[in-house]
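Novice: got a sequence here, can you build the structure:
(one chain, ligands or ions: 1)
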Amino acid sequence: MKKYQQLLCLFIILFSGVACVQEASQNNAEVKDEKPNIILIYADDLGPGILGYNGQTKIKTPNIDQLAKDGKVFTNAYGSNVCSPARASILTGLNNAHAPVHTPGGLQCQLAAGLIDQATFDKKIYRKQNEGHYYIGQMAQKAGYTTSYFGKLGFGYSDTAEMIDSYGFDYHCGLLDAVMCWSFYPPHYFENGERILLPNNPKVTKKSPTCLLVGEDSMTYAEDIWLEKALMYIDDKKEEPFFMIYATQLPHGPASIAPKDYVYKDQEGWTELEKVYASMIYKLDQSVGSLVQKLDELGLSENTLIVFASDNGHEIQSYATVNPHAIDPNLVYDYQTNTFNQPIVKPNTKPVFWDGHHSGEDIFNGTRGERGMKRHSYQGGIHLPYIAKWPNKIKASTKSDVVITDYDFMPTIADLINGEIKQTDGISYLPTLIDEGEQQKHDYIFFKNTTGVARDVLIKDGWKLVNEKDVKASDYTNNTSVYKWALYDLSNDPYEKKNVASEFSSKVIEMKKLVKKANYPIQLAQ
Ligand SMILES: [Ca+2]
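Specialist: Residues are numbered from 1 along each chain as shown. Below you'll find the predicted structure:
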């Protein structure tokens, strides 16, 4: 029993009698003895504002809204500002300065396109474990679970059965290369290290995959494979406790949908990209509904914890026709062909970088007005939708504003299933989930982000220190960037409109010291 729990018990003994303590302790033991099934549904680039329960009115998300109604919504969940570091934190329980992020994406596209040969590919990829790294799959296996991973891994190169096994997954089905995941019509996928060809899908001919806005009926849309395999897996494992990560590619861009799922096709007043994007959200919501329905059919719902989250914040570039980065607001970018609608003409005035504030380019308001988006560490880029449902254990229709991160998932699951944790930057949010015990709070949370106009970020007690681009001092024409530390008071300024670093310089100094602490290289446990 942890020290704070002992103190709490002592307090209860003194003021309420021993029986109450025994009851609480029995309840906690009961929760932990049950070995519930665990499913993480991990959406890709999904902003909180896209979902109905957060006020979205244009796109319908009934199944995800039902999860929120049946479970607990976390309103202060944070993740990395891009995909692979977020997955690394989910898989290791470490912040993204400490978690391993292996070979960058793209090599499998180059191999498939014939731009590199197998020998070059083998030389460039990373196919061995860093000593000391310990993964959530291994932890769940040791605790008696059968483990699986579906969809986008985007982490390491698990293209052999040995690699999958070394991450602790008994079963894997999906794509490994983050760049290959840009396509919903990939030329292949992997199942337990074996490459399965999809001959009706487009060939890859360049460094990035062929991304069709709307495919053809004869082709295979990747989400359909992950969902079918996941439903089969649940059928197969219904008698034993299973741990499953369902890492859908949806709704990561470029926007792409199958003809059968193009449900917003006839929507008036929307661009084609917006119609396709909205249909991808429909598809994601349908997948969530199918997984929940399968659990219901098999009588497993009562004993299954479902966590629904996104990896990073909202992404506008999948469907917004006006590029928020653009100097000229009339400049329209086509993400299918990677070209602008007109030549870029240098304006007379000195152009500056985008400052992260939006100007109506997003008709769905996926960040709910928050500054930034994916790749930028303003709130819009790192604030996640996050829901947990577990009937009779998690109170329905409840909310929590406790600050949680992607690197809290592993210690929370370990706490729940009595799993072994060797090292973590996270905390267990189990007490908040089941409304029992004292919730440990983060002293601070930290993300080492290397992209965009706002990068490394540390949040503590409502203050946010972020290394942001000085858009006036930086030169767009020469692509020279100047970064400085900015301070925002999130409690009073949630849209990050006013940098108060100069007014609170001692706070900046204090938080910069914490950045150094959070960013130090760690000695991994052996
Ligand atoms: Ca992502």
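
Novice: tell me the spacing between Trp463 and the ion.
Specialist: Relative to the ion, Trp463 is positioned 26 Å away (CB to the ion, to the nearest Å). Every C-beta, even on glycine, is put in place using the N, C-alpha and C of the backbone.

Novice: hang on, I meant Glu420
Specialist: With distances defined as CB to the ion, the gap from Glu420 to the ion amounts to 29 Å.

Novice: so who does that residue touch?
Specialist: When contacts are counted by CB atoms under 8 Å, 6 or more residues apart in numbering, Glu420 is found next to 139, 142-143, 414.

Novice: Arg127 too?
Specialist: Shown here is Arg127, whose contacts under the criterion CB under 8 Å, 6+ apart are 157, 159-160, 163.

Novice: what strand or helix carries it?
Specialist: Taking DSSP states H and E as the criterion, no element holds Arg127; it sits outside all helices and strands.

Novice: how about the residues of this protein that lie near the ion?
Specialist: Counting by CB under 5 Å from the ion, the residues of the chain close to the ion are 44-45, 83, 311-312.

Novice: mind running it again at 8 Å?
Specialist: With the criterion set to CB under 8 Å from the ion, the chain comes near the ion through 44-45, 82-83, 86, 252, 310-312, 315, 374.

Novice: okay if I get the residues you listed as TSV plus secondary structure and neighbour count?
Specialist: Formatted as TSV, the entries for the residues of the chain next to the ion read as follows, by DSSP: H, G, I helix; E, B strand; the rest coil; neighbours: other CB atoms under 10 Å:
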residue	secondary structure	neighbour count
Asp44	coil	25
Asp45	coil	25
Val82	coil	26
Cys83	helix	25
Ala86	helix	29
His252	coil	25
Ser310	strand	27
Asp311	coil	27
Asn312	coil	32
Glu315	coil	28
Lys374	coil	30
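
Novice: mind picking the two most distant members of those?
Specialist: Looking at the residues of the chain next to the ion by CB to CB, the two members farthest from one another are Ala86 and Glu315, with 12.8 Å of separation.

Novice: what ranges does the stretch 151-300 of the chain have for its helices?
Specialist: If DSSP state H, counting those that start in this stretch is used as the criterion, the helices of the stretch 151-300 of the chain fall at 161-167, 222-236, 272-297.

Novice: ok, which of the ones you listed comes nearest Tyr135?
Specialist: Between the helices of the stretch 151-300 of the chain, helix 161-167 lies closest to Tyr135; by CB to CB that is 4.9 Å.

Novice: for Met180, which non-adjacent residue is spatially closest?
Specialist: Gln108 (5.1 Å; CB to CB, 6 or more residues apart in numbering).

Novice: got a list of what the one residue in the chain that gets nearest to the ion touches?
Specialist: The nearest approach of the chain to the ion comes at Cys83, 3.5 Å away (CB to the ion). Counting by CB under 8 Å, 6+ apart, Cys83 touches 44-45, 152, 154, 178, 252, 311-312.

Novice: please check the contacts of Arg127 and keep the buried ones.
Specialist: Among the contacts of Arg127, the ones that count as buried by 16 or more other CB atoms under 10 Å are 157, 159, 163.

Novice: from Ile234, how far off is Asp261?
Specialist: Counting by CB to CB, to the nearest Å, the gap from Asp261 to Ile234 is 22 Å.

Novice: same deal with Ile50?
Specialist: Separation of Ile50 from Ile234 (CB to CB): 26 Å.

Novice: of the two, who's got more company?
Specialist: For Ile50 and Ile234, the more surrounded residue by other CB atoms under 10 Å is Ile50, and the numbers stand at 30 against 21.

Novice: which ones are touching the residue nearest the centre of the chain?
Specialist: With the centre of the chain defined as its mean C-alpha position, the nearest residue by CA atoms, centre = their mean is Asp311, 0.7 Å away. Residues near Asp311 by CB under 8 Å, 6+ apart: 42-45, 79-80, 83, 86-87, 90, 247, 384, 406.

Novice: report pLDDT for the nearest residue to Ala247 once chain neighbours are set aside.
Specialist: Nearest in space to Ala247, with sequence neighbours left out and distances taken as CB to CB, 6+ apart, is Gly151 at 3.9 Å. Listed pLDDT for Gly151 reads 97.

Novice: tell me which stretches of the stretch 1-150 of the chain form helices.
Specialist: 3-16, 18-33, 62-70, 83-92, 107-112, 118-124, 136-142.

Novice: about what we covered before: any chance of TSV for the contacts of Cys83, columns distance to Tyr189?
Specialist: As requested, the contacts of Cys83 are arranged in TSV below (distance: CB to CB, whole Å):
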residue	distance to Tyr189
Asp44	16
Asp45	20
Lys152	10
Gly154	13
Ala178	14
His252	16
Asp311	19
Asn312	23
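
Novice: nearest to Glu34 among those?
Specialist: The nearest member of the contacts of Cys83 to Glu34, counting by CB to CB, is Asp311 at 28.2 Å.

Novice: which non-adjacent residue is nearest the closest one?
Specialist: In space, Asp311 comes closest to Ala86 once its chain neighbours are excluded; the distance is 3.9 Å by CB to CB, 6+ apart.

Novice: how near is the one you found to His383?
Specialist: Computed as CB to CB, the Ala86 to His383 distance reads 13 Å.

Novice: ok, the nearest residue to Phe184 once chain neighbours are set aside - how many residues close by?
Specialist: Residue nearest to Phe184 in three dimensions, not counting chain neighbours: Ser256, with 4.3 Å by CB to CB, 6+ apart. Taking other CB under 10 Å as the neighbour definition, Ser256 ends up with a count of 26.

Novice: so what's Ser256 up against?
Specialist: Applying CB under 8 Å, 6+ apart, we find Ser256 in contact with 183-185, 211-215, 276, 280.

Novice: PyMOL command to pick out the buried ones of those?
Specialist: Here the buried members of the contacts of Ser256 are turned into a PyMOL selection, burial being counted by 16+ other CB under 10 Å:
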select buried, resi 183+184+185+211+212+213+214+215+276+280
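
Novice: the contacts of Ser256 in strands, which ones?
Specialist: Secondary structure assignment by DSSP state E places none of these in strands.

Novice: just send the contacts of Ser256 back as TSV, with pLDDT too.
Specialist: What follows is these, written out as TSV (pLDDT from 0 to 100):
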residue	pLDDT
Ser183	95
Phe184	98
Tyr185	97
Cys211	91
Leu212	94
Leu213	94
Val214	96
Gly215	97
Val276	96
Met280	98
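
Novice: which among the contacts of Arg127 gets closest to Leu514?
Specialist: Comparing those against Leu514 with CB to CB picks out Tyr157 as the nearest, at 33.9 Å.

Novice: ok, now which ones touch the closest one?
Specialist: For Tyr157, the contacting residues are 102-103, 107, 125-127, 163, 176-177, taking CB under 8 Å, 6+ apart as the criterion.

Novice: hmm, try it at 7 Å
Specialist: Taking CB atoms under 7 Å, 6 or more residues apart in numbering, we find Tyr157 in contact with 102-103, 125-127, 163, 176.

Novice: near the closest residue to it other than its chain neighbours, how many other residues are there?
Specialist: Counting by CB to CB, 6+ apart, Ile125 is the residue found nearest to Tyr157 once chain neighbours are left out, at 4.5 Å. With neighbours defined by other CB under 10 Å, the count for Ile125 comes to 17.

Novice: Ile125 touches Thr103, doesn't it?
Specialist: Yes: counting by CB atoms under 7 Å, Ile125 sits close enough to Thr103 to count as a contact (5.1 Å).

Novice: quick revisit: tell me which of the buried ones among the contacts of Arg127 is nearest to Glu191?
Specialist: Relative to Glu191, and with distances defined as CB to CB, the nearest of the buried ones among the contacts of Arg127 is Asp159, at 10.9 Å.
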